[in-house]
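Student: Fold the stuff below for me.
(one chain, ligands or ions: 1)
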Amino acid sequence: MINKLFYSRIEAWLNQSRSDEEFRENSFVFVSLTILIAILSFLLYYNVFIIFIPILALIHGMGVVSGLAGYYFLKNRRSTRTAGIITVTIMTTISLLFIIGTQNREFALAFCFLTPVIAVFILGYKLGSFFSLINFAVVAYFCLTEMQNWHPVPFDTISFIHLTIIYFFLFSISYFYDSGRRHTMRLLKESNLQLKALSTTDVLTGLPNRLKMEELLLNFDEVKWIAMLDVDDFKSVNDNYGHDIGDRVLKVIAKQLANTIGDDGVAGRWGGEEFLIAFYISDVDAIEKKLIELQAKIAAKNFGLERNVTVSCGATPHQSHMHRTAFRRADEALYRAKASGKNCYKLDMTAIGMEALQ
Ligand SMILES: Nc1nc2c(ncn2[C@@H]2O[C@H](COP(=O)(O)OP(=O)(O)OP(=O)(O)O)[C@@H](O)[C@H]2O)c(=O)[nH]1
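Tutor: The predicted structure follows:
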């Protein structure tokens, strides 16, 4: 319940759904930034109103302002990386200042254990490791050069070795965990893309399938015209030469379609021996020219049969919000082409939206 509320607040603030790919990383940076800002705000208050140490108040104040800049990059600029770098920089700087300022009192050195865990998870195992190692190098420098001056007791070599062991232990765990996680995410993303491609591609012809074409018609206003194509007397191809030859004919037609349409649109397989072309061009003459070219190319193609293969076609203007109407008109135009002898095309020029007004 609390978890749900917590995530829905973050979703609202980030204006991003939990199912978005970047949500996990964005929310992690958001939470880290929020905790950091809360701690720094408390320290700012403490150093201004309770003990009044202006220099510390200034440092913590700068930390709070930088944290707010991190929020800005995360929310407004959608730059998780910049917000992450800001978070880790604040955290590293403050912890370094704390280590230097308080020396080995209050386990100040334990702060150098933060970076392998936080930086590696926030910035990823590559950039995060870089940050963390730099931070550790600075800490090591202080330990090794200032050992004798360390208060309240001198810092000894064994303590430094213990510190190094714990640091590298945490570093290795974080590094391998994050690199493994990112590798798994990459594999998952790749297989999702492959699955998506498979689910929207027609297995036989390799063209976009009906699902993909419907998505295109529904969502893209760039589709200005559509054309339905149907292979003439295809049943007799199957009956006389068998389904394998029929399949080969469909594949050749699909290739011809894709080559002829080129950048002027997208051709997909609608189902059976029917294809659909979504044209991005709206000039009627150019569309007629394309359809004539396509029909001529298919009719002239040698399929290795003792007969020609031809296609009939019906085309009409299209708008995404009226795509069912456009589709029905194209189908009716195709029917007229079939009825008037096949191997020809018919256009339905009715302005889109007219039927809705009638
Ligand atoms: N080989 C093969 N045949 C298919 C495929 N999908 C549908 N068909 C066949 O396509 C034929 C379509 O036949 P009909 O709908 O009667 O149409 P037609 O013979 O083309 O006649 P018209 O449309 O009037 O020109 C049927 O025999 C289906 O079995 C396929 O993927 N491969």
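Student: And the nearest residue to residue 225 once chain neighbours are set aside, how far from residue 320?
Tutor: Nearest residue to residue 225 in three dimensions, chain neighbours excluded: residue 279, at 4.0 Å (CB to CB, 6 or more residues apart in numbering). The C-beta positions use only the backbone N, C-alpha and C, and glycine is treated the same way. To residue 320, residue 279 is 13 Å away according to CB to CB, to the nearest Å.
Student: Identify the residues contacting residue 326.
Tutor: 217, 226, 316, 317, 318, 319, 352 (CB atoms under 8 Å, 6 or more residues apart in numbering).
Student: one more time with 10 Å, if that's ok
Tutor: Counting by CB atoms under 10 Å, 6 or more residues apart in numbering, residue 326 touches 217, 223, 225-226, 315-320, 348, 350, 352.
Student: Which stretches in the protein count as strands?
Tutor: 225-231, 265-271, 274-279, 311-317, 345-347 (DSSP state E).
Student: a markdown table for the ones you listed, including mean pLDDT and distance to residue 339?
Tutor: Formatted as a markdown table, the strands of the chain follow (pLDDT from 0 to 100; distance: least, CB to CB, whole Å):
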| stretch | mean pLDDT | distance to residue 339 |
| --- | --- | --- |
| strand 225-231 | 96 | 12 |
| strand 265-271 | 94 | 20 |
| strand 274-279 | 96 | 16 |
| strand 311-317 | 95 | 9 |
| strand 345-347 | 94 | 9 |
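Student: Between those strands, which one is closest to the ligand.
Tutor: strand 225-231 (5.2 Å; CB to the nearest ligand atom).
Student: Partner strands of the closest one and their direction?
Tutor: Applying DSSP bridges, strand 225-231 is found paired with strand 274-279 (antiparallel), strand 311-317 (antiparallel).
Student: hmm, back to that, which residue of residue 279 and residue 320 possesses the greater neighbour count?
Tutor: residue 279 (24 against 14; other CB atoms under 10 Å).
Student: what residues are up against the more buried one?
Tutor: 222-227, 261, 264-267, 286-287, 290-291, 315, 317-318.
Student: who does the residue nearest to residue 225 bridge with?
Tutor: residue 225, residue 265.
Student: which parts of the chain sit against the ligand?
Tutor: Residues of the chain that fall close to the ligand, judged by CB under 6 Å from any ligand atom: 204, 230-235, 238, 243, 246-247, 250, 272-273, 338.
Student: which of those residues are buried?
Tutor: Neighbour counting with 16 or more other CB atoms under 10 Å marks 230, 231, 232, 234, 238, 246, 250, 273, 338 as buried within the residues of the chain next to the ligand.
Student: Sort out which of these are in helices and list them.
Tutor: 234, 238, 246, 250, 338 (DSSP state H).
Student: Please parse this structure into its domains.
Tutor: 2-197, 210-357 (automatic domain parsing).
Student: Scan the contacts of residue 326 and report the most crowded one.
Tutor: residue 315 leads the contacts of residue 326 on contacts (other CB under 10 Å) with 28 neighbours.
Student: residue contacts, that residue?
Tutor: 225-229, 277, 279, 284, 287-288, 290-291, 326, 329-330, 333-334, 337, 345-349.
Student: Pretty sure residue 331 sits against residue 229.
Tutor: No - Residue 331 is not in contact with residue 229 according to CB atoms under 10 Å; the separation is 11.2 Å.
Student: Show me which of these two is the more surrounded one.
Tutor: Taking other CB under 10 Å, residue 331 and residue 229 do not tie; residue 229 has more neighbours (27 against 17).
Student: With adjacent residues omitted, what lies nearest to the more buried one?
Tutor: Closest to residue 229 by CB to CB, 6+ apart is residue 275, at 4.3 Å.
Student: That neighbour: how many residues sit nearby?
Tutor: Neighbours of residue 275 (other CB under 10 Å): 27.
Student: do residue 30 as well
Tutor: Residue 30 - counted by other CB under 10 Å - has 21 other residues nearby.
Student: before we move on, back to that, and which of the contacts of residue 326 is nearest to residue 92?
Tutor: Closest to residue 92 out of these is residue 320 (50.7 Å), distances taken as CB to CB.
Student: Model confidence for that closest one, exactly?
Tutor: We have a pLDDT of 83 for residue 320.
Student: Check the gap between it and residue 314 for me.
Tutor: In terms of CB to CB, residue 320 sits 19 Å off from residue 314.
Student: quick one: residue 238 and residue 305 touch, right?
Tutor: No - if you go by CB under 10 Å, residue 238 and residue 305 don't touch, sitting 11.5 Å apart.
Student: Touching both of those two, which residues are there?
Tutor: Common neighbours of residue 238 and residue 305 (CB under 10 Å, 6+ apart) are 245, 249.
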